[in-house]
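Undergrad: just the structure for this:
(one chain, ligands or ions: 1)
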Amino acid sequence: MINPFSKLGISDDVVNAVKELGFENPTPIQEQSIPVLLEGSNDFVGLAQTGTGKTAAFGLPLLELIDFKVNKPQALILCPTRELCLQIANDIKNFSKNTPNAHVVAVYGGANIMQQLREIRNGVQIVVATPGRMLDIIGRKAIDFSNVKYVVLDEADEMLNMGFQEDINDILSTTPDDKKTWLFSATMPPEVRRIARNYMENPVELTMGTKNAGNVNIEHEYYIVRARDKYAALKRIVDFNPEIFAVVFCKTKMDTQDVAEHLIKDGYNADSLHGDLSQQQRDKVMQRFRDRNMQLLIATDVAARGIDVNNVTHVINYSLPDEIESYTHRSGRTGRAGKTGISICIINSKETGKIRQIERIIGKQFTKAELPTGFDVCEKQLFSLIHKVHNVEVNTDQIDQYIPRIMDEFAELSKEDVIKKFASLEFNRFLDYYSNAPDLNASADDRGDRGERGDRGERGGRNFDNSNYTRLFINVGSVDEFTRGDLLGFVCNNGKISGKAVGKIDLKGVFSFIEVENDTVDALFTNFKDVKFNGRDVRIEKSGDAPVGGRGGEGGERRRSFGGGGERRSGGGYGGGERRSGGGDRRSSGGSGRREGGNAGGGGFRDFSGRSRDDKGGSGRREGGNGGGERRRRS
Ligand code: AMP
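TA: Residues are numbered from 1 along each chain as shown. Have a look, this model is predicted:
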């Protein structure tokens, strides 16, 4: 029987390599795009979700089209994050393992540039890169792109969201005009359309799945709770799903840290992933998650980009993303490689409108779900334990020696009594915790959250939905080496407003969001008219008015040649590990302490002892947290 990949036109060397990876049949996106891309004569736009087999969809045709006898860069793949960069490079190395003289290099920030330069000097045909580091290398005149025939822009929407528009322009301007450009994106906002228009000639367009559709394997649910009950709701969802293996998304680094710290304190096997962690810390967190030594990864959107971990059972939107499009990326962390997954939103009653917006974009309906009662959770946990007992492997050699003594201990008890006592051992702890547990469900017309700013609630919660504040966009951020404190000072000094008038500050890469009291907005706008930063006009606008993602200088026609240096961000990029400002966030990063042990591999409930649920008992053994000590220096 002919291998289905051979039928698509893939050569034996590559077919054998993907067979070894367990690819038996092409995924739908591979089936559709491989024959088109193999022609090598078209620009291409593929609207495709993550986790659908996209990498092989462009990687396999590239391997067929490149002349491996020539040791010069012929394909350049740009992607938003270091994680994705490594993943793509790795995948292509695997696909090309039987292809003689195939050389792939991964070029990304946060790693030794000398090593990358050496690999380039030794001769490569495929360069996989994040934009910041790529520009750095181009600026050093260390790479020659005159032989590039194919450029792949992977996760184009994410690259634009992260403010890489100009960098991409600059990089592409160093490649030949007659190259072919292949663009992949999970969503198709106008900015991506514009790129397609600017860089491509009559691209072949393929939509894999419904336009903008969420992955078909994902169910979408939302729970309505009062803001102060969010954390309790999160715990209840986790407790009701003893086998959960989830990514929990928060909007800000601070929330991420906050939620992770509370969960750890409450005995859950969780950790946080956000841009203030050093690359080393992030790698460690990711490794633990990948190895399933951690059940709950609490992450910001930026930090979680490119996470490719299979078998994630749930994505939990602890807060909804600002940009609806990000929801597609978040939920795409589950339901990968043909598996099913559940994407959950914990919202307050005022956010149901946003759910409807998301439904329109993903073309799928959400189910309004009810949080389980305390009793439901107890029952679920009890039977999860019973199933575990039923399935546990008995080490006869070791246990047999104790059996006579154990039997003696239970001599007075019937089998039923033993079972009852055994089950109660753990069940009681849950009953204790959940006896009198309140109903956390709020109705859609519940307005109980009004004016709760600063409410500390059960989890010390933060409520960001305050109509007294206006959310503003400002075109400076962490790439300008701002910390939240710096930005607060910058806005207050220049805008001549009091720090008390400032609410939440959401520091992003090339831009930020800042909440200020409504009655200070006019003064702020007036005072900011002529403010410059590093010779650049500072733009401040109401966030709804701002271009999504804050891409300054839209259109991006600029095709700057290199050598001049000028104001180019060196090794720019944000969050994805390209370069971060040295943190300086008031919170220490990574200080959550890594709980040792937990239920490594078991996937079951993290800590049945209940010791830290009520914080009565000892805290269990913890590895000392790394307290942010490894945070990278400012560059
Ligand atoms: P990607 O969208 O490229 O990140 O791929 C998502 C996951 O699906 C990765 O773990 C791939 O190894 C896997 N994958 C890609 N193509 C296939 C295939 N044809 N058969 C089985 N698994 C695949």
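Undergrad: shaky segments in the stretch 101-250 of the chain?
TA: When residues are selected by pLDDT under 70, those of the stretch 101-250 of the chain lie in 209-216.
Undergrad: switch the cut-off to 50
TA: 210-213 (pLDDT under 50).
Undergrad: where do the helices sit along it?
TA: Along the stretch 101-250 of the chain, counting by DSSP state H, counting those that start in this stretch, helices occupy 113-122, 131-139, 156-161, 165-172, 190-199, 230-240.
Undergrad: list the contacts of the helix or strand that contains residue 90.
TA: Assigned by DSSP states H and E, residue 90 falls within helix 82-95. Here helix 82-95 makes contact (Cβ atoms under 8 Å, 6 or more residues apart in numbering) with 14, 17-18, 21, 55-56, 59-60, 62-63, 77, 79, 104-111, 126, 128-130, 154-155, 279, 286, 305-308, 576-578. The way it works is simple: take the backbone N, C-alpha and C, and place the C-beta from them, glycine included.
Undergrad: ok, and which of these reach the ligand?
TA: Subset of the contacts of helix 82-95 in contact with the ligand: 55, 56, 308, counting by Cβ under 6 Å from any ligand atom.
Undergrad: between the residues you listed, which sits nearest the ligand?
TA: Taking Cβ to the nearest ligand atom as the measure, the ligand lies nearest residue 55 of those, at 3.3 Å.
Undergrad: just give the nearest non-adjacent residue to that closest one, would you?
TA: residue 91 (4.6 Å; Cβ to Cβ, 6 or more residues apart in numbering).
Undergrad: counting neighbours, what do you get for that neighbour?
TA: Counted by other Cβ atoms under 10 Å, the residues lying close to residue 91 total 19.
Undergrad: repeat that for residue 395.
TA: Using other Cβ under 10 Å, residue 395 is surrounded by 8 other residues.
Undergrad: got the helices of the stretch 101-250 of the chain as JSON lines, with mean neighbour count columns?
TA: Conversion of the helices of the stretch 101-250 of the chain to JSON lines gives the following (neighbours: other Cβ atoms under 10 Å):
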{"stretch": "helix 113-122", "mean neighbour count": "14"}
{"stretch": "helix 131-139", "mean neighbour count": "25"}
{"stretch": "helix 156-161", "mean neighbour count": "27"}
{"stretch": "helix 165-172", "mean neighbour count": "22"}
{"stretch": "helix 190-199", "mean neighbour count": "17"}
{"stretch": "helix 230-240", "mean neighbour count": "22"}
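Undergrad: show the average pLDDT along stretch 418-433.
TA: Per-residue pLDDT values over stretch 418-433 give a mean of 82.
Undergrad: before we move on, what about stretch 352-363?
TA: With pLDDT averaged residue by residue, stretch 352-363 scores 86.
Undergrad: try stretch 475-485
TA: On average, stretch 475-485 scores 78.
Undergrad: and that stretch, how far from the chain's centre?
TA: How far stretch 475-485 lies from its chain's middle: 21 Å, per Cα atoms, centre = their mean, to the nearest Å.
Undergrad: one more: stretch 85-101?
TA: The chain centre lies 23 Å from the centre of stretch 85-101; the measure is Cα atoms, centre = their mean.
Undergrad: using PDB, list the CA coordinates for it.
TA: The C-alpha coordinates for stretch 85-101 follow below in PDB (Å, rounded to 0.1, in the frame of the first residue of the first chain):
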ATOM      1  CA  CYS A  85      11.100  28.500  17.400                       C
ATOM      2  CA  LEU A  86      12.800  25.500  19.100                       C
ATOM      3  CA  GLN A  87       9.800  23.400  18.500                       C
ATOM      4  CA  ILE A  88       9.700  24.100  14.800                       C
ATOM      5  CA  ALA A  89      13.400  23.600  14.400                       C
ATOM      6  CA  ASN A  90      13.300  20.400  16.300                       C
ATOM      7  CA  ASP A  91      10.300  19.100  14.200                       C
ATOM      8  CA  ILE A  92      12.100  19.900  11.000                       C
ATOM      9  CA  LYS A  93      15.300  18.300  12.200                       C
ATOM     10  CA  ASN A  94      13.200  15.200  12.900                       C
ATOM     11  CA  PHE A  95      11.500  15.300   9.500                       C
ATOM     12  CA  SER A  96      14.900  15.700   7.800                       C
ATOM     13  CA  LYS A  97      16.900  13.100   9.800                       C
ATOM     14  CA  ASN A  98      17.300  10.900   6.700                       C
ATOM     15  CA  THR A  99      17.900  13.800   4.300                       C
ATOM     16  CA  PRO A 100      21.600  14.000   3.500                       C
ATOM     17  CA  ASN A 101      23.300  17.300   4.300                       C
END
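Undergrad: between the helix holding residue 90 and helix 131-139, how big is the angle?
TA: For helix 82-95 against helix 131-139, the angle by axes from the mean of the first three to the mean of the last three Cα atoms, to 10 degrees is 70 degrees.
Undergrad: can you start the count at 486 instead of 1 from here on
TA: Renumbered: residue one is now 486, and that last one reads helix 567-580.
Undergrad: check the offset of helix 567-580 from the chain's centre.
TA: Centroid displacement of helix 567-580 relative to its chain, using Cα atoms, centre = their mean, is 17 Å.
Undergrad: so for that helix, mean pLDDT?
TA: On average, helix 567-580 scores 93.
Undergrad: which of the residues in that helix are buried?
TA: Within helix 567-580, the residues scored as buried using 16 or more other Cβ atoms under 10 Å are 567-574, 576-580.
Undergrad: around the ligand, which positions in the stretch 636-785 of the chain sit nearby?
TA: The stretch 636-785 of the chain has no residues near the ligand, with proximity defined as Cβ under 6 Å from any ligand atom.
Undergrad: remind me, longest helix of the chain?
TA: In the chain, with assignment by DSSP state H, the single longest helix is helix 900-919.
Undergrad: brilliant, that's me finished.
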